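Asker: Structure for the following, please:
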Amino acid sequence: MRYALLSDIHSNIHALEAVLAALSSERIDVYLCLGDVVGYGAYPNECCEMVSWLRPIAVRGNHDEAAVHPGREIWFTNAASQCIVWTRQRLTPENRDFLASLEPLRVENFFTLCHGSVPDPDFYTTTPREA
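Answerer: Next up is the predicted model:
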């Protein structure tokens, strides 16, 4: 089984296209997505559509969560918060539904997926000691 792992795309369609082009010569059986499909970049709908087309095993990231739940942007810096509101205003209903359907944690046969950490999907490991 060959897996491709995608994470922290943050609405950067150009980077996503480059990664998928690099993977096109590989025989990927399953795509995994660790969240933050949206955020910061100018192409939230295009990234949602491209990721959902891959039919990945996926979890939501904190930016995905905030984009579909008004009020959650207060968890972020001012710049990130503005990007989240901008993204929310532009998401199509279909892409909003796609992001809303993502769970914070996925337990599969041989692995567990999360964006932050298993105990707290919004917690970030930032030092080697925490890992």
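Asker: Please make it C-alpha for all contacts and neighbour counts, starting now.
Answerer: Fine.
Asker: For the chain, which segments count as helices?
Answerer: Taking DSSP state H as the test, the helices found in the chain are 13-23, 44-53, 62-68, 78-90, 93-101.
Asker: tell me what the longest one is packed against?
Answerer: This points to helix 78-90. Packing contacts for helix 78-90, counted by 3 or more CA pairs under 8 Å, 6 or more residues apart in numbering; DSSP states H and E, involve helix 44-53, helix 62-68.
Asker: Now tabulate these in a markdown table and tack on distance to Ser117 and mean neighbour count.
Answerer: A markdown table is the format used below for those (distance: least, CA to CA, whole Å; neighbours: other CA atoms under 10 Å):
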| stretch | distance to Ser117 | mean neighbour count |
| --- | --- | --- |
| helix 44-53 | 22 | 19 |
| helix 62-68 | 12 | 25 |
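Asker: before we move on, the earlier item: can you put the helices of the chain in TSV and add mean pLDDT and distance to Tyr31?
Answerer: Formatted as TSV, the helices of the chain follow (pLDDT from 0 to 100; distance: least, CA to CA, whole Å):
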stretch	mean pLDDT	distance to Tyr31
helix 13-23	99	11
helix 44-53	99	9
helix 62-68	97	18
helix 78-90	97	24
helix 93-101	98	16
